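>>> sequence and predicted structure, then a few things I'm wondering about:
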Amino acid sequence: MTTPDERLGQVTELPEGVRLQFRRSWPDPIDDVWAALTEPDRMVRWIGTYEGERRVGGSGTFTMTHEEAPVGEPMRIVECEAPRRLVVDWETEEGWRVELDLTAQDGETVLLFTQLFAPGTEITDYVLGWHWYLDKFDAEVGDRPAPGDWDGFLAATGPAYGRSSQT
């Protein structure tokens, strides 16, 4: 299982930008973790909805329904190698790309979440946000209680990132 320190993620400055990575693991089979990442009825419980083509090159609208004011954003599926790899592009001004890689290691399924931001981007708030969503994903996969609301999460977890609920 993922240790508490690993839950904070890793931020690396690279010449091409700022890389954020989270590593999470579960004793569940890779197919179950993949289903939680991709099946509509499970996605909605931890992150949101995707309406559109579910194939490589397909595009649609992704809505993070757990946000304060959910807004649908254009998304394109760049790679999909079930049940191992999913790469999506948010077709927004920032041009986000998120890579989700699953591997089986020592009887566990390991998720490596990777996002690359433009050089010089201040990403602390993004790191906190993804940490919260990945905790929600952990609850979906592991059938455990989900983290509380954002304010409670920020009060409990924000200090590890140098943030408080007043920041």
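Looks like it arrived, so ask away.
>>> and Pro147, how far is that from Phe22?
Shown here: Pro147 relative to Phe22, a distance of 14 Å by Cβ to Cβ, to the nearest Å. (C-beta placed from N, C-alpha, C; glycine too.)
>>> between the two, which one's more packed in?
Higher neighbour count among Pro147 and Phe22: Phe22, with 21 against 18, using other Cβ atoms under 10 Å.
>>> do a quick rundown of the helices in this structure.
Taking DSSP state H to define them, one finds helices in the chain at 30-38, 40-46, 124-142, 150-157.
>>> quick one, which of those helices is nearest to Val11?
Closest to Val11 of those, according to Cβ to Cβ: helix 124-142, at 6.6 Å.
>>> packing partners for that closest one?
When contacts are defined as 3 or more Cβ pairs under 8 Å, 6 or more residues apart in numbering; DSSP states H and E, helix 124-142 sits against strand 17-26, helix 30-38, helix 40-46, strand 108-117, helix 150-157.
>>> dump these to TSV, plus distance to Arg54 and mean pLDDT.
Below are the helices and strands packed on helix 124-142 laid out as TSV (distance: least, Cβ to Cβ, whole Å; pLDDT from 0 to 100):
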stretch	distance to Arg54	mean pLDDT
strand 17-26	23	95
helix 30-38	8	97
helix 40-46	9	95
strand 108-117	20	96
helix 150-157	29	89
